[in-house]
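Peer 1: Mind folding the following:
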Amino acid sequence: MFITRIYADKAGLSHFEDMDIETVPSGPLGLMSSPLPVSSMILRENAPGYAYPWHVAPCRQYIVMLEGFVDITVSDGTVRRFGPGTILLVEDTFGEGHSSCSPDGKRRRSLFLPLPD
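Peer 2: Here you go, the predicted structure:
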């Protein structure tokens, strides 16, 4: 299963990295990964047409896109669009961070899963 990671290098520049999380057959339950620790769950809804300037993540966290789209720009200039079903691992908690905005003027709903410290 694929996850996109956003991280900061030693110089504080943010980048994307594509990760493949291994899943294994689990009988009638389908394919499953090993358990991934999280500390809580936050439900988030962004208003239509939102745009957030450069910022760092408040903590290491997974973001699961439920509805809508987001364009994220990292400090190396790369822009990617993410939509429903996408899983992000956001780890750029220092440095230049990233910016995000609504590409279509519609609301976005997502699930935030902070990782333990």
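
Peer 1: Could you give the bridge partners of the residue nearest the centre of the chain?
Peer 2: Nearest residue to the geometric centre of the chain (CA atoms, centre = their mean): residue 88, 2.7 Å. Judged by DSSP bridges, the bridge partners of residue 88 are residue 4, residue 63.

Peer 1: pretty sure it is touching residue 4, no?
Peer 2: Yes. Using CB atoms under 8 Å, residue 88 makes contact with residue 4 at a distance of 5.3 Å. C-beta: built from backbone N, CA, C; applies to glycine.

Peer 1: Walking through this structure, point out its helices one by one.
Peer 2: In the chain, no helices are defined using DSSP state H.

Peer 1: what's the span of stretch 80-90, first residue to last?
Peer 2: Length of stretch 80-90, first residue to last, CA to CA, to the nearest Å: 14 Å.

Peer 1: List the buried residues of that stretch.
Peer 2: Using 16 or more other CB atoms under 10 Å as the burial criterion, the residues of stretch 80-90 that qualify are 82, 86, 87, 88, 89, 90.

Peer 1: which residues does the spatially closest residue to the third one that is not a sequence neighbour contact?
Peer 2: Spatial nearest neighbour of residue 87, chain neighbours left out: residue 3 (4.7 Å); criterion: CB to CB, 6 or more residues apart in numbering. Residue 3 makes contacts with 18, 19, 20, 21, 62, 87, 88, 89, as judged by CB atoms under 8 Å, 6 or more residues apart in numbering.

Peer 1: Let me have these in CSV, extended by distance to residue 114 and pLDDT.
Peer 2: Shown next, in CSV, are the contacts of residue 3 (distance: CB to CB, whole Å; pLDDT from 0 to 100):
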residue, distance to residue 114, pLDDT
18, 22, 98
19, 18, 98
20, 23, 97
21, 18, 96
62, 8, 98
87, 14, 98
88, 13, 98
89, 11, 98
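
Peer 1: For the residues you listed, give me JSON lines that also has distance to residue 55.
Peer 2: Below are the contacts of residue 3 laid out as JSON lines (distance: CB to CB, whole Å):
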{"residue": "18", "distance to residue 55": "22"}
{"residue": "19", "distance to residue 55": "22"}
{"residue": "20", "distance to residue 55": "28"}
{"residue": "21", "distance to residue 55": "26"}
{"residue": "62", "distance to residue 55": "18"}
{"residue": "87", "distance to residue 55": "20"}
{"residue": "88", "distance to residue 55": "15"}
{"residue": "89", "distance to residue 55": "17"}
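
Peer 1: Okay then, goodbye and thanks.
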